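Novice: next one to model:
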Amino acid sequence: MCSEIKSGTELYMSLYPEDSTDAGLRLGNIVPDFSAETTHGPMESFHEWKKGKWAILFSHPADFTPVCTTEIGRLALKYDQLEAMDVKVATLSVDPVKSHSEWLEDVVAHCENNIEIKFPIIGDQSREISTAYGMIDPGTSDAQELPLTIRAVFIINPDNKLMLSLNYPACVGRNMDEIVRCMEALQLSYERSIATPANWPNNHSDMLVDGSRTDEYKGSVFLLPTVSPEEAEEYYPGHYTCDVPSEQKYLRLVKKEDLNKPVKKVIKPIADEMFDATVIEKSSVVAPVEDS
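Specialist: This is a model prediction of the structure:
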């Protein structure tokens, strides 16, 4: 029988309010719902369109521009991988749908790979969606000769909460490998009491363990500070605690292969005790399901 558990996402999202207090969209907020015309037909409700799934909302400044052309092409190359991860994808600009459809012929022709644009592109001519998501400044957009949205990426979880946002200027194209990496990391944390280190999954490729150099912890993840030593030993007996000068036991690595075990998620009441270093409610871990 699996012990009571709580995931990293549940712990960290409890720090953020679901509703914004000043109309700004921030992590943990329920994202605005909207209806729109798209290259795949009407989208009556964004929330219904993605119901129960992860989603990426990806804005580009304008059709028939060089960087955007390459970005949509590269995103198309990642679409099958994202779909296999149960992720919905939609892109957006303030151009009309007719412009999107005509421009996509250029996108497909320019990409060096044989691609198909399988995700909808939203036409936001009214700029209502762009404004609601903070992609455009409503106070200045009417006066601008080119009312461009920024290059924004919003990753939204199955509960319609904003988990990650990236903002790029018009002059810098986005890296689709990084977007997929972020999605993989967020999905891991959504199910388990872990956090991914810097440069994951290429982290900790050369470590000194028991007097020898090893790469066996490459791609490993950290247990959250809220996981007690007893829980760590029970559910992740193979975890490794890194030695540091402070002698504090907070750098606890779990190998990538140990995360492939099935997990079962059960919630227990949050304890009153708090961790001073993290200001996160003390709770238990997401544990592998024991074989019967």
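Novice: average pLDDT for the longest helix anywhere in the chain?
Specialist: In the chain, assigned by DSSP state H, the helix with the most residues is helix 66-84. Taken as a whole, helix 66-84 has an average pLDDT of 96.
Novice: swap in stretch 128-136?
Specialist: 91.
Novice: circling back to that earlier point, following the longest helix of the chain, which helix or strand shows up next?
Specialist: If you walk from helix 66-84 toward the C-terminus, the next helix or strand you reach (DSSP states H and E) is strand 87-93.
Novice: now the angle from that next one to helix 66-84?
Specialist: Interaxial angle, strand 87-93 versus helix 66-84 (axes from the mean of the first three to the mean of the last three C-alpha atoms, to 10 degrees): 160 degrees.
Novice: what is strand 87-93 packed up against?
Specialist: For strand 87-93, the elements it packs on are helix 46-49, strand 54-59, helix 66-84, strand 121-123, judged by 3 or more C-beta pairs under 8 Å, 6 or more residues apart in numbering; DSSP states H and E. No exception for glycine: its C-beta is placed from N, CA and C like everyone else's.
Novice: quick one: which of these is nearest A36?
Specialist: For A36, the closest of these is strand 121-123, at 4.7 Å, according to C-beta to C-beta.
Novice: so how far is the closest one from its chain's centroid?
Specialist: In terms of C-alpha atoms, centre = their mean, to the nearest Å, the gap separating the centre of strand 121-123 from the centre of its chain is 21 Å.
Novice: residues in contact with that strand?
Specialist: Applying C-beta atoms under 8 Å, 6 or more residues apart in numbering, the set of residues contacting strand 121-123 from outside is 36-39, 43, 72, 90-100, 104, 129.
Novice: picking up where we left off before, can you list the helices and strands packed on strand 87-93 in CSV and add distance to S228 and mean neighbour count?
Specialist: Supplementary listing: the helices and strands packed on strand 87-93 in CSV, determined by distance: least, C-beta to C-beta, whole Å; neighbours: other C-beta atoms under 10 Å:
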stretch, distance to S228, mean neighbour count
helix 46-49, 37, 16
strand 54-59, 29, 23
helix 66-84, 35, 18
strand 121-123, 45, 24
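Novice: is it possible to get JSON lines of those that adds distance to E231?
Specialist: Conversion of the helices and strands packed on strand 87-93 to JSON lines gives the following (distance: least, C-beta to C-beta, whole Å):
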{"stretch": "helix 46-49", "distance to E231": "35"}
{"stretch": "strand 54-59", "distance to E231": "27"}
{"stretch": "helix 66-84", "distance to E231": "31"}
{"stretch": "strand 121-123", "distance to E231": "44"}
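Novice: for N160, find the nearest of those.
Specialist: With C-beta to C-beta as the criterion, N160 lies closest to helix 46-49 of those, at 5.7 Å.
Novice: need the contact partners of that closest one.
Specialist: Residues outside helix 46-49 that contact it (C-beta under 8 Å, 6+ apart): 31-36, 43, 57, 88, 90, 160.
Novice: can I get it in CSV? Just the C-alpha atoms.
Specialist: Presented in CSV, the C-alpha positions along helix 46-49 are these (Å, rounded to 0.1, in the frame of the first residue of the first chain):
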residue,chain,number,x,y,z
PHE,A,46,-9.6,27.7,-24.5
HIS,A,47,-10.2,25.9,-21.2
GLU,A,48,-12.5,23.4,-22.8
TRP,A,49,-10.2,22.9,-25.8
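Novice: what about the nearest residue to E184 once chain neighbours are set aside, distance to I179?
Specialist: If you skip the residues right next to it in sequence, E184 has M85 as its closest partner in space, 7.3 Å away by C-beta to C-beta, 6 or more residues apart in numbering. When C-beta to C-beta, to the nearest Å is the yardstick, M85 and I179 sit 12 Å from each other.
Novice: out of the contacts of strand 121-123, which are buried?
Specialist: Under a neighbour-count criterion of 16 or more other C-beta atoms under 10 Å, the subset of these counted as buried comprises 36-39, 43, 72, 90-95, 97, 99-100, 104, 129.
Novice: let me see the backbone angles for S228.
Specialist: When read as degrees, to the nearest 10, the backbone of S228 gives phi -70, psi 160.
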